[in-house]
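1. Need coordinates for the below:
(2 chains)
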Number of protein chains: 2
Amino acid sequence: MAGEFDRIARYFAPLAGPEGLGLRDDAAVLTPPDGCQVVLTVDQMLESVHFLPGDDPALVARKLLRRNLSDLAAMGASPLGYLLTTALPVATAEDWLARFATGLAVDQEIFGLRLLGGDSSSSRAGIALSITAIGSVAAGTALTRSGAQPGDELWVTGTIGDAALGLQARLGEWVDDEGVLTRRSLLPDPRIGLGLAGIASACIDVSDGLVQDLGHIAQASGLAAVVRAGDVPVSAQAARFGFEALEIRLTGGDDYELLLAVPPAKAEALQAACGAVPVTRIGYFEAGAGVRVLGGDGKELAFLRAGWAHF
Amino acid sequence: MAGEFDRIARYFAPLAGPEGLGLRDDAAVLTPPDGCQVVLTVDQMLESVHFLPGDDPALVARKLLRRNLSDLAAMGASPLGYLLTTALPVATAEDWLARFATGLAVDQEIFGLRLLGGDSSSSRAGIALSITAIGSVAAGTALTRSGAQPGDELWVTGTIGDAALGLQARLGEWVDDEGVLTRRSLLPDPRIGLGLAGIASACIDVSDGLVQDLGHIAQASGLAAVVRAGDVPVSAQAARFGFEALEIRLTGGDDYELLLAVPPAKAEALQAACGAVPVTRIGYFEAGAGVRVLGGDGKELAFLRAGWAHF
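-> A predicted model of the protein is given here:
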């Protein structure tokens, strides 16, 4: 394994933009766009917690970056760049790092991003990674979890539950011949650039499970949220699993779709803003507290758990 | 151990400022001061790599924060806030987290900072921590490593080598009765707020060892740097170790003092800017490459290593 500074020069310096000062300085210097606020988020991925030891390093890199981009999307922010930390066991193969950097390069191109800086360390245990993403929003337009109003409708982008089913396949619980759900588990599509400011009154990304994440909007907004289970959009691949997959669909993590509170009068504007990204109305907000999920008969469904949490 | 959301509410939400949105959102939203650029840096601290399992969690927290503040200081930036990631084994005592948060609270008060956001996870191995610090500089005034000019003098703040000797004491190699060097190892003093813009032509903080970090300025500036070993400032406590400690002094890490390239005409301005913080002239820059350390007889000294690196 090459030394720390050689590795930075070989794998990471080519990913850096001018703001990263060639990764040769103590910190990055960035000029935010005029009239903008900066938006900051950080997420980590640890071996055997957030990814499996055999996972493709390029996909690990891309998922780590995309999870952060999804957090920016949930704030209505546009990404500007990111910082990276790596903690690698001494035995980590040079090829692992090369593949990891390739994954970052691919997604930097797709999302128009540059590496701004970071920190590398040895690790006594498994691989530990984190990315801090920085973005910008026009001043005063950031979406939050707390702005939902009674009467707002609840919308969600894309389809829900694919990633959790894909993880089951990766764990050997079933065989994903087509690979579509497995891909959704490994490589989410962050919903950046939808232009939701002035349309959504609250937003969150579905990272820990729809019911749990919706609970965060309900709590922050001081409202109750109601979901019609039958309206939650499901991919053709996930639909095969039928009703028995309802719980994993509504409480499984890693979808990285956006849950949105939207006034009824803004429904058309929302669909226009989402363009080619599917968006589906699945419920509403009302006075009260908590999340209720209604079955086809209008009766409330109960779940054993709301979603993922780290204990 | 309390659940993830309980822990965030109990220990970290009280550390959050309004920009952190109570840590209840996907990301922090920050308004940089008018006419400023933002400066971003990240550092991690891993159990058994950067701190010892028995170290006081409050001091671990404060050192992690201060290492980041030192990086901002090296850019001439003023801190605005920080993001925190924690990865904790399930067996981590509740008291560890309480002490850790207390350390952050103390330094937030000292440095006028707020927690802006973060990410928490379980860990399969030891404790892993990182902080991303964000600061600001007046546009165009950031200090870098690449601005040194031939003829600039080399200055350093504070005293050098204390932290490396303190680490030796913590590892049981000698007994630090007074505790001064041990404290320097556990709790560095980041040199923020010195107002070095327009005075220093290049800057770096001494985190990996004076010789190695000076090498980064020399390389980035395309110059040679010369250090007069006898002029490097030493604390009264470290002076007891005499000449045999020279190597650890010049190549030991964790001092978090600033190394500065300063034109001779700016020497008085530098001393005025540093105020109560001692600053000492220890060498100069000239055409060429690399770092030379001169002994009392003017002859070049050789070292087995330049400083710390993670392999």
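
2. Now stretch A:82-102: buried residues?
-> A:82-89, A:92, A:96-97, A:99-101 (16 or more other CB atoms under 10 Å in any protein chain shown). C-beta here means a position set from N, CA and C on the backbone, and glycine is covered the same way.

3. now the strands for chain A?
-> Taking DSSP state E, the strands of chain A run over residues A:28-30, A:36-46, A:78-89, A:115-123, A:128-138, A:153-157, A:202-205, A:224-228, A:258-262, A:279-286, A:290-294, A:300-301.

4. could you redo the ones you listed as TSV and give each row distance to chain B and mean pLDDT?
-> Below are these laid out as TSV (distance: least, CB to the nearest CB, whole Å; pLDDT from 0 to 100):
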stretch	distance to chain B	mean pLDDT
strand A:28-30	5	91
strand A:36-46	4	95
strand A:78-89	5	95
strand A:115-123	4	93
strand A:128-138	4	96
strand A:153-157	15	98
strand A:202-205	6	97
strand A:224-228	15	97
strand A:258-262	10	98
strand A:279-286	17	98
strand A:290-294	15	95
strand A:300-301	22	89
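
5. export those to a markdown table and tack on distance to B:Ala125?
-> Formatted as a markdown table, those follow (distance: least, CB to CB, whole Å):
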| stretch | distance to B:Ala125 |
| --- | --- |
| strand A:28-30 | 29 |
| strand A:36-46 | 8 |
| strand A:78-89 | 10 |
| strand A:115-123 | 8 |
| strand A:128-138 | 8 |
| strand A:153-157 | 36 |
| strand A:202-205 | 28 |
| strand A:224-228 | 38 |
| strand A:258-262 | 33 |
| strand A:279-286 | 40 |
| strand A:290-294 | 35 |
| strand A:300-301 | 38 |
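
6. Show me the one of those strands that comes nearest B:Gln271.
-> Distances from B:Gln271 to each of these were compared using CB to CB; the minimum, 26.5 Å, belongs to strand A:28-30.

7. neighbouring strands for that closest one, and are they parallel or not?
-> Strand pairing for strand A:28-30, determined by DSSP bridges: strand B:36-46 (antiparallel).

8. hang on, the earlier thing: please identify which pair of the buried residues of stretch A:82-102 lies farthest apart.
-> Maximum pairwise distance among the buried residues of stretch A:82-102 (CB to CB): 23.3 Å, between A:Tyr82 and A:Pro89.

9. how about stretch A:257-267: buried residues?
-> Of all the residues in stretch A:257-267, those buried under the rule 16+ other CB under 10 Å are A:Glu257, A:Leu258, A:Leu259, A:Leu260, A:Ala261, A:Val262, A:Pro263, A:Lys266.

10. pretty sure the fourth one is touching A:Gly158, no?
-> The reference is to A:Leu260. No. A:Leu260 is beyond contact range of A:Gly158, at 11.8 Å (criterion: CB atoms under 8 Å).

11. what residues go with each domain of chain A?
-> Following automatic domain parsing, chain A resolves into domains at A:4-138, A:153-301.

12. Quick check: end-to-end length of the last one?
-> For domain A:153-301, the separation between the terminal residues is 20 Å (CA to CA, to the nearest Å).

13. residue of chain A with the smallest distance to chain B?
-> A:Ala125 (2.6 Å; CB to the nearest CB).

14. Residue numbers of the stretch 101-250 of chain A in contact with chain B?
-> A:116-126, A:128, A:130, A:132, A:134-135, A:137, A:139, A:142, A:144-146, A:204-205, A:216, A:219-220 (CB under 8 Å from any CB of the partner chain).

15. Can I have the buried ones of those residues as a ChimeraX selection?
-> To isolate the buried members of these in ChimeraX, using 16+ other CB under 10 Å:
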select /A:116,117,118,119,120,121,122,123,125,126,128,130,132,134,135,137,142,144,145,146,204,205,216,219,220
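
16. Of the domains of chain A, which is nearest B:Ala73?
-> Nearest to B:Ala73 among these is domain A:4-138; the distance by CB to CB comes to 8.5 Å.

17. any idea how far that closest one is from the chain center?
-> Domain A:4-138 sits 14 Å away from the centroid of its parent chain (CA atoms, centre = their mean, to the nearest Å).

18. is it true that A:Glu47 touches A:Thr92?
-> No. Under the criterion of CB under 8 Å, A:Glu47 makes no contact with A:Thr92, lying 10.0 Å away.

19. For the nearest residue in space to A:Pro53 that is not next to it in sequence, give me the pLDDT.
-> Closest residue to A:Pro53 apart from its sequence neighbours, by CB to CB, 6 or more residues apart in numbering or on different chains: A:Glu47 at 5.8 Å. A:Glu47 carries a pLDDT score of 95 in this model.

20. Please tell me how far A:Glu47 sits from A:Val234.
-> Per CB to CB, to the nearest Å, A:Glu47 is found 31 Å from A:Val234.

21. Would you map the helices across the stretch 101-250 of chain A?
-> Ranges of helices in the stretch 101-250 of chain A, per DSSP state H, counting those that start in this stretch, are A:162-170, A:180-186, A:210-221, A:236-239, A:246-251.

22. how many degrees apart are the longest one and strand A:153-157 in direction?
-> Which is helix A:210-221. 130 degrees (axes from the mean of the first three to the mean of the last three CA atoms, to 10 degrees).

23. Please work out the average pLDDT along helix A:210-221.
-> In this model, helix A:210-221 has an average pLDDT of 96.

24. Ok, stretch A:234-250 next?
-> On average, stretch A:234-250 scores 85.

25. Give me the buried positions along it.
-> In stretch A:234-250, counting by 16+ other CB under 10 Å, buried: A:Val234, A:Ser235, A:Gln237, A:Ala238, A:Phe241, A:Ala245, A:Leu246, A:Glu247, A:Ile248, A:Arg249, A:Leu250.

26. pLDDT weak spots in the stretch 51-200 of chain A?
-> In the predicted model of the stretch 51-200 of chain A, no residue satisfies pLDDT under 70.

27. Name the stretch among the domains of chain A that sits most buried.
-> Mean neighbours per residue, mean count of other CB atoms under 10 Å in any protein chain shown, is largest over the domains of chain A for domain A:4-138, with a mean of 21.

28. Before I go, just wanted to say thanks for your time.
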